[in-house]
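S.K.: here are the coordinates; sequence isn't available:
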């Protein structure tokens, strides 16, 4: 999940999606070890391996990791849940206030 500067503002990825996709394609070609591809692209091997795992999840190749779409949906649902919790607390306080009168 991307780090956030605020509650709603995700920090833009340091590498554009096209760069990530091309890096994964190069690593999957198998002409060079993943470490060598990562070094050529000036990224860490673990970063490239994470991108590869996420691409596999997005393609449906692995089930143990959330796809990018699932991650976005989960973030939206968490935000909506928090908003509803706040609204519910406001309604509880209003009901208590009016019950005293």
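M.R.: Yes, it's here. Note that the structure is a prediction, hence the values are computed from the model and not measured.
S.K.: what comes up buried for stretch 45-64?
M.R.: Buried residues in stretch 45-64, counted by 16 or more other Cβ atoms under 10 Å: 48, 51-52, 54-58. For glycine as for every other residue, the C-beta is placed from the backbone atoms N, C-alpha and C.
S.K.: low-confidence ranges in this structure?
M.R.: Residues of the chain that meet the criterion pLDDT under 70 lie in 1-13.
S.K.: per-domain residue ranges of it.
M.R.: Domain segmentation of the chain under automatic domain parsing yields 1-65, 67-101.
S.K.: just the helices in this structure please.
M.R.: 17-29, 34-40, 45-58, 68-100 (DSSP state H).
S.K.: List the buried residues for the last one?
M.R.: When neighbours are counted by 16+ other Cβ under 10 Å, the buried residues of helix 68-100 are found to be residue 71.
S.K.: what helices or strands is that helix leaning on?
M.R.: Where contact means 3 or more Cβ pairs under 8 Å, 6 or more residues apart in numbering; DSSP states H and E, helix 68-100 is packed against helix 45-58.
S.K.: which residues are in contact with the helix it packs on?
M.R.: With contacts defined as Cβ atoms under 8 Å, 6 or more residues apart in numbering, helix 45-58 is touched by 20-21, 23-24, 27-28, 34-35, 37-39, 41, 62, 65-69.
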